[in-house]
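K.L.:
give me coordinates for this.
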Amino acid sequence: MDTADSSLIMLSIPESFESERLLIRAPHWGDGLAVNEAVKESIEELRPWMPWANKVPTVEESEASIRRSRLEFLERTDLRLLLFRKETGELIGSSGLHRIDWQSRKFEIGYWVHSSFARQGYITEAVDAITKYAIQELQANRIEIRCDSRNVQSARIAERSGFTLEGTLRNDKCDVTGTLRHTMIFAKVRGVEYGGE
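P.N.:
This is a model prediction of the structure:
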């Protein structure tokens, strides 16, 4: 392990924080069952946008994914976050800070929601809280949200959260069916959308 990796592991990063209705926290061993149930019940809504949702995972596969995410969180290479309703403890979705560039302090927010909790403002609330977390705790200089240009709901969340559409990359990558898609890139930048020089 090189010095850069060692310094990342030594970063003190809060494992949980709250918004008005949500407990947002790092994954723990044993979270796989709740994630599996949410994915299973939401698979039809997730499948068009999420490459990992091409089939319903087993509970073991979901738990293995959670355990990998736990290790990545501890290594600071990817910061997956689970979203729970404070009132009931129900898992309402997953988000996090991905494709991290620690040198420039750049992060990308991704998200998905359990279909039972869609269109209730939970993901917008989570994105707002995670953005604040990235700015205050991780000194983010740039935070991105990327989505398929056809994913209207995802784009609306970015817009509602005050992210600026910087552009659309045409024929940027293939979607889950192998068809070329365009990618919208939204961002918040230090000194423009939030404080700092």
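K.L.:
can you give me the helices for this protein?
P.N.:
Assigned by DSSP state H, the helices in the chain fall at 3-9, 32-46, 59-75, 122-138, 152-160.
K.L.:
quick check: closest non-adjacent residue to residue 185.
P.N.:
residue 166 (5.0 Å; Cβ to Cβ, 6 or more residues apart in numbering). Quick note: C-beta positions are derived from backbone N, CA and C, even for glycine.
K.L.:
and what of residue 28?
P.N.:
residue 70 (6.7 Å).
K.L.:
does residue 78 touch residue 96 like I think?
P.N.:
Yes: at 7.0 Å, residue 78 counts as touching residue 96 under the criterion of Cβ atoms under 8 Å.
K.L.:
which one of the helices of the chain is the most hemmed in?
P.N.:
helix 122-138 (a mean of 20; mean count of other Cβ atoms under 10 Å).
K.L.:
mind listing what the residue nearest to residue 28 touches?
P.N.:
Neighbour list for residue 70: 26-29 [criterion: Cβ atoms under 8 Å, 6 or more residues apart in numbering].
K.L.:
output the lowest mean pLDDT helix or strand found in this protein.
P.N.:
The helix or strand of the chain with the poorest confidence is helix 3-9; it has a mean of 70 (mean pLDDT, DSSP states H and E).
K.L.:
give me the contact list for that helix.
P.N.:
74-77, 102.
K.L.:
same question, stretch 182-197
P.N.:
Residues contacting stretch 182-197 (Cβ under 8 Å, 6+ apart): 131, 135, 140-149, 155, 158-159, 162-173.
K.L.:
quick revisit: check the offset of the least confident helix or strand of the chain from the chain's centre.
P.N.:
Mean-position distance between helix 3-9 and its chain equals 23 Å (Cα atoms, centre = their mean, to the nearest Å).
K.L.:
next: stretch 32-42.
P.N.:
Here the centre of stretch 32-42 is set off from its chain's centre by 16 Å, with Cα atoms, centre = their mean.
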